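> let's see this in three dimensions:
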Amino acid sequence: MTIRDFTGVTVIGGERAVRDDAPLPAGKLCMTITYLEMSEAPGPAPPAPRGRKIALMRADPMTVSFYRYLYNTVGEPYLWYERRAMADEQLDAIIGDENVEIYVLYVGGVPAGYAELDRRKSPDIELAYFGLVADFLGQGLGRYLLGWAAEAAWRHQPRRLLVNTNNFDHPRALPNYQKIGFVPVRQDVLVFDDPRLNGLIPSHIVVRG
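Numbering: from 1, shown residues only. Down below sits the predicted model:
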């Protein structure tokens, strides 16, 4: 299934009709969210790129400060703002849950990205967050980390593995998810406050949405 196969979307927030010519209110952004799922275990993950010192480790326990570094560094170019708005106590309750697994990719000893598996809604598992630090894009590391994360999730034998992406994410996110076996199942449209205007994201960040 490709995105063109969808016959409609759901509007969240009600501030904008799903029309290309409908103007957005000042200070608002429009996000198209694509939800995908995988209903059977994928094939073998691609090997790690050769010639690199690569390690994958679960952060257990994950500290709030290190998590904020990963979340902010990986997600800033794509307007990841929700967890920036959380208090430390609220964030710690999520990342410290025994059913949340956070795996950090290191390249040459440097944190290069992470994958977060959320098992709190068993029997489904969600790949809640996934991404690389900008310095490590375009080196085959994303394919490796994504395949590895999918394999790690299926070791728990879930009913489905879930993920979502949106028009502000890296342009290769959706095709890469589909390439390893995720299938798009629906889209939603969300109108939200631009986080660059309220200080959650630096004002100089330019997004592709």
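
> nearest residue to the most centrally placed residue in the chain in space, please, no chain neighbours.
When the chain is reduced to its mean C-alpha position, the nearest residue by Cα atoms, centre = their mean turns out to be residue 129, at 3.6 Å. Spatial nearest neighbour of residue 129, chain neighbours left out: residue 116 (4.2 Å); criterion: Cβ to Cβ, 6 or more residues apart in numbering. For every residue, glycine as well, the C-beta is placed using N, CA and C.

> ok, that neighbour touching residue 131?
No - counting by Cβ atoms under 8 Å, residue 131 is not a contact partner of residue 116; they are 9.7 Å apart.

> more crowded one of those two?
residue 131 (26 against 23; other Cβ atoms under 10 Å).

> which non-adjacent residue is nearest that one?
Among residues not flanking residue 131 along the chain, residue 74 sits closest, at 4.1 Å (Cβ to Cβ, 6+ apart).

> confirm for me that the one you found is in contact with residue 135.
No - with contact defined as Cβ under 8 Å, residue 74 does not reach residue 135; the gap is 10.8 Å.

> of those two, who's got more company?
Each of residue 74 and residue 135 has its neighbours counted (other Cβ under 10 Å); residue 74 has more, 21 against 12.

> which SSE is that one in?
In this structure, residue 74 sits in helix 64-75 according to DSSP states H and E.

> pull out the buried residues from that helix.
If you call a residue buried by 16 or more other Cβ atoms under 10 Å, then helix 64-75 has these buried ones: 64, 66, 67, 68, 70, 71, 72, 73, 74, 75.

> output these in a markdown table; the columns should cover distance to residue 160.
Formatted as a markdown table, the buried residues of helix 64-75 follow (distance: Cβ to Cβ, whole Å):
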| residue | distance to residue 160 |
| --- | --- |
| 64 | 29 |
| 66 | 29 |
| 67 | 25 |
| 68 | 29 |
| 70 | 25 |
| 71 | 25 |
| 72 | 29 |
| 73 | 29 |
| 74 | 24 |
| 75 | 24 |
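
> all set, thanks.
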